[in-house]
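Visitor: the amino acid sequence is not available; the structure is as follows:
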């Protein structure tokens, strides 16, 4: 079963992943096929499990200040900084639409 | 198509209200109809259509984010504080560095339980955490930990009051249903530098605990929305679960607004953000209602979009960066097991106390809510309900009033006039809080005692109050003597004065 161009575009937009060429798309298709095997299990009347931790106790921490004050260390990871602020582009730069994508890729 | 989708969602909510199942207040026979009429009666919120057709019914729902009042953040031990050097209150987890994990703050859970109980909610003994994914520079992890599937509290209600007619000061009580309360993380702050085409990011606020309170669309105008939020603010401040100061971003309100004709399904709704004060909330909601009505009457359509309120222009504008519908790809938070809360019956025997949150224990220790405090004031002192509202609206005024009453023989019904008409208007004129008042409760009590013992007239008392206001440290008695304001009690002296006046008249 093929993945439509619209779904591919939607996935790329959501996850900022670039499938780039047919090999990437084929890999995606194989991954979906692999996961589809889950449908073979009959789960009627079984509650879905969303964490292997579901029987564990959620640990509650006391409301004490124990961390922070490491501005210098944190900013070491920043490529650009301005007076202890991280620097980011002005807003979310939207991915180019499908038609413009080839030109975009050529430039990168 | 978008309209139908939204209409369906809102219709469901509407039916739920009319049917009235489950906990919460018993709904009035036709709540929407009544409210529409009330809005019309107040003369302003819902004008009849220009074409003379049936009036529009506006529908307003609110999503309120309240910052939890705690020392440290929801999932990390970094400090919570309003003003601090950028990125100084940030832990490795808050910066989303690899290898870090969330650890839930007990105090934040207690704050949410308290708030849920105060709003008559059912507390979910088992609630879950989820990830809400979206990309933005102030969200370093690329997702927010929230409670989308099973939040900590659901199905509550909030009662609030408003003046139907300002002149007549008739108060009516309204109720808004609380859909749910959920725990979630706050994001960092973005400072937009348009000149250099960049955004500066400060993560001090990233990870601070929030309670999101979702109010059902039971309101119909800006005034109702503002009154509901004001009451919520008072409740949060009384509980101490949030300081709820809007100016410091501790209380943020997003409004969902739509309009429809009576008998028809709900219209397309827009979301209005960037409302920074109670005053702007009412304005923003009313503007948006007007805008939608005008648009529809001119044959246009309403887009399901997010708009920002521009306080300078007093209007709403479409927000940039919000193209189309977002797909948040909700998934369970894999690093957090379910949050289990207990009550007296389910309390486990051998667990460490620090690891157990007992809902009943918290319930017993809830302070008197504003509505209860007001009732007590009215019952104890015989004042009017409107008075109790004003007393609680000003920080410290109720305590001031009660202290004065304790120290004076004057009846509370008379004292309240001096508090609300004289003292409060002075405070407002000079933009002072009750704590900053140059006239203390003791001084006012002294003054009222002189008046009550008929040693001075009420006109003289007002004069003395004006003098006391200067804060020069004199007592009321001293001022009375200085300005010779004593009432003459001596019969003979009075006769002499009267006689002198009469004699003077005869001579002319």
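Guide: Thanks, I have it. What you see is a predicted model, and the numbers here were worked out from it, not measured in a lab.
Visitor: wait, residue B:329 sits on residue B:133?
Guide: Yes. Judged on CB atoms under 8 Å, residue B:329 makes contact with residue B:133 at a distance of 4.6 Å. C-beta here means a position set from N, CA and C on the backbone, and glycine is covered the same way.
Visitor: pretty sure residue B:71 contacts residue A:65?
Guide: Yes. Under the criterion of CB under 8 Å, residue B:71 makes contact with residue A:65 at 5.5 Å.
Visitor: isn't residue B:378 right up against residue B:385?
Guide: Yes. The pair residue B:378 / residue B:385 is scored as a contact, 5.8 Å apart, by CB under 8 Å.
Visitor: burial check on residue B:128, number of neighbours?
Guide: 20 (other CB atoms under 10 Å in any protein chain shown).
Visitor: wait, it touches residue B:339, no?
Guide: Yes. Residue B:128 is within contact range of residue B:339, at 7.3 Å (criterion: CB under 8 Å).
Visitor: give me the domain ranges for chain B.
Guide: Using the TED database, the domain parsing of chain B gives B:57-332, B:370-491.
Visitor: need these in JSON lines with distance to chain A and mean pLDDT, can you?
Guide: Formatted as JSON lines, these follow (distance: least, CB to the nearest CB, whole Å; pLDDT from 0 to 100):
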{"stretch": "domain B:57-332", "distance to chain A": "3", "mean pLDDT": "93"}
{"stretch": "domain B:370-491", "distance to chain A": "25", "mean pLDDT": "88"}
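Visitor: surely residue B:108 forms part of a strand?
Guide: No. Read with DSSP: H, G, I helix; E, B strand; the rest coil, residue B:108 is helix and lies in no strand.
Visitor: residue B:415 - how many residues pack around it?
Guide: The burial count for residue B:415: 21, using other CB under 10 Å.
Visitor: same thing with the one 4 residues further on?
Guide: Residue neighbour count, defined by other CB under 10 Å, stands at 25 for residue B:419.
Visitor: try residue B:178
Guide: Residue B:178 - counted by other CB under 10 Å - has 25 other residues nearby.
Visitor: between residue B:329 and residue B:133, point out the one with more neighbours.
Guide: residue B:133 (18 against 12).
Visitor: I'd assumed residue B:133 was in contact with residue B:328.
Guide: Yes. If you go by CB under 8 Å, residue B:328 and residue B:133 touch, sitting 5.6 Å apart.
Visitor: so between residue B:71 and residue A:65, which is more surrounded?
Guide: Legend: neighbour count by other CB under 10 Å for residue B:71 and residue A:65, higher for residue A:65 (18 against 15).
Visitor: surely that one touches residue B:73?
Guide: No. Taking contacts as CB under 8 Å, residue A:65 lies outside contact range of residue B:73: 9.3 Å.
Visitor: who in chain A is up against chain B?
Guide: Counting by CB under 8 Å from any CB of the partner chain, the residues of chain A close to chain B are A:10, A:14, A:16, A:50-51, A:53-71, A:74-75, A:77, A:82-92, A:94.
Visitor: what about stretch A:54-66, average pLDDT?
Guide: Stretch A:54-66 shows a mean pLDDT of 93.
Visitor: gap between the two ends of it?
Guide: Using CA to CA, to the nearest Å, one end of stretch A:54-66 lies 28 Å from the other.
Visitor: what's that stretch in contact with?
Guide: B:70-72, B:77-79, B:103-109, B:336-340, B:354-355, B:357 (CB atoms under 8 Å, 6 or more residues apart in numbering or on different chains).
Visitor: show me what counts as buried in it.
Guide: A:58, A:60-61, A:63, A:65 (16 or more other CB atoms under 10 Å in any protein chain shown).
Visitor: output the contacting helices and strands for the helix of greatest length in chain B.
Guide: The helix spanning the most residues in chain B, taking DSSP state H as the definition, is helix B:278-297. Helix B:278-297 sits against strand B:57-67, helix B:222-239, strand B:251-260, strand B:270-275, strand B:306-310, strand B:315-318, with contacts defined as 3 or more CB pairs under 8 Å, 6 or more residues apart in numbering or on different chains; DSSP states H and E.
Visitor: that older thread, so what's in contact with residue B:71 and residue A:65 at the same time?
Guide: residue B:79.
Visitor: state the distance from the residue nearest to residue B:316 when sequence neighbours are not counted to residue B:318.
Guide: Of all residues not flanking residue B:316 in the chain, residue B:307 sits nearest, at 4.1 Å (CB to CB, 6 or more residues apart in numbering or on different chains). Counting by CB to CB, to the nearest Å, the separation of residue B:307 from residue B:318 is 6 Å.
Visitor: neighbour-wise, which of these two wins?
Guide: Applying other CB under 10 Å to residue B:307 and residue B:318 shows that residue B:307 carries more neighbours, namely 23 against 11.
Visitor: OK, contacts around the more buried one?
Guide: Listed by CB under 8 Å, 6+ apart, the contact set of residue B:307 reads B:270-273, B:288, B:316-319.
Visitor: just the buried ones among the residues you listed, please.
Guide: For the contacts of residue B:307, buried by 16+ other CB under 10 Å: B:270-273, B:288, B:316, B:319.
Visitor: which two in these are spaced the farthest apart?
Guide: Taking CB to CB, the two most distant members of the buried ones among the contacts of residue B:307 are B:288 and B:319; they sit 13.0 Å apart.
Visitor: near residue B:66, how many other residues are there?
Guide: 25.
Visitor: what about it, distance to residue B:233?
Guide: In terms of CB to CB, residue B:66 sits 8 Å off from residue B:233.
Visitor: show me where the stretch 301-450 of chain B has its strands.
Guide: B:306-310, B:315-318, B:331-332, B:339-340 (DSSP state E, counting those that start in this stretch).
Visitor: do chain A as well
Guide: For chain A, the strands defined by DSSP state E cover A:60-61, A:81-82, A:85-88.
Visitor: so can I have CSV of those strands showing distance to residue B:201?
Guide: As requested, the strands of chain A are arranged in CSV below (distance: least, CB to CB, whole Å):
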stretch, distance to residue B:201
strand A:60-61, 26
strand A:81-82, 10
strand A:85-88, 4
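Visitor: where does the prediction get shaky in chain A?
Guide: Along chain A, the parts satisfying pLDDT under 70 run over A:94-108.
Visitor: same thing but at 90, please
Guide: Across chain A, the ranges flagged by pLDDT under 90 are A:1-26, A:28, A:47-57, A:77, A:79, A:89-108.
Visitor: of the contacts of stretch A:54-66, buried ones?
Guide: Buried among those (16+ other CB under 10 Å): B:70, B:72, B:77-79, B:103-109, B:336-340, B:357.
Visitor: assumed residue B:181 was part of a strand.
Guide: Yes. Under three-state DSSP, residue B:181 sits within a strand.
Visitor: kindly state the beta-bridge partners for it.
Guide: residue B:153, residue B:213 (DSSP bridges).
Visitor: touching, it and residue B:116? I think so.
Guide: Yes. The pair residue B:181 and residue B:116 passes the contact test of CB under 8 Å, sitting 5.2 Å apart.
Visitor: tell me, what's touching the two both at once?
Guide: B:152-153, B:156.
Visitor: contacts only, for residue A:27.
Guide: Counting by CB under 8 Å, 6+ apart, residue A:27 makes contact with nothing.
Visitor: now for residue B:483: which residues touch it?
Guide: B:463-464, B:467.
Visitor: 10 Å instead, please
Guide: B:460, B:463-464, B:467 (CB atoms under 10 Å, 6 or more residues apart in numbering or on different chains).
Visitor: which of those residues has the most neighbours?
Guide: Neighbour-wise, these (other CB under 10 Å) top out at residue B:464, 26 neighbours.
Visitor: ok, residue B:116 - how many residues close by?
Guide: 27.
Visitor: tell me which element it is part of?
Guide: Per DSSP states H and E: residue B:116 is located in helix B:106-118.
Visitor: which strands and helices sit next to that helix?
Guide: When contacts are defined as 3 or more CB pairs under 10 Å, 6 or more residues apart in numbering or on different chains; DSSP states H and E, helix B:106-118 packs onto strand A:60-61, strand B:57-67, strand B:122-123, strand B:153-163, strand B:171-185, strand B:209-219, helix B:222-239, helix B:359-364.
Visitor: done for today, thanks.
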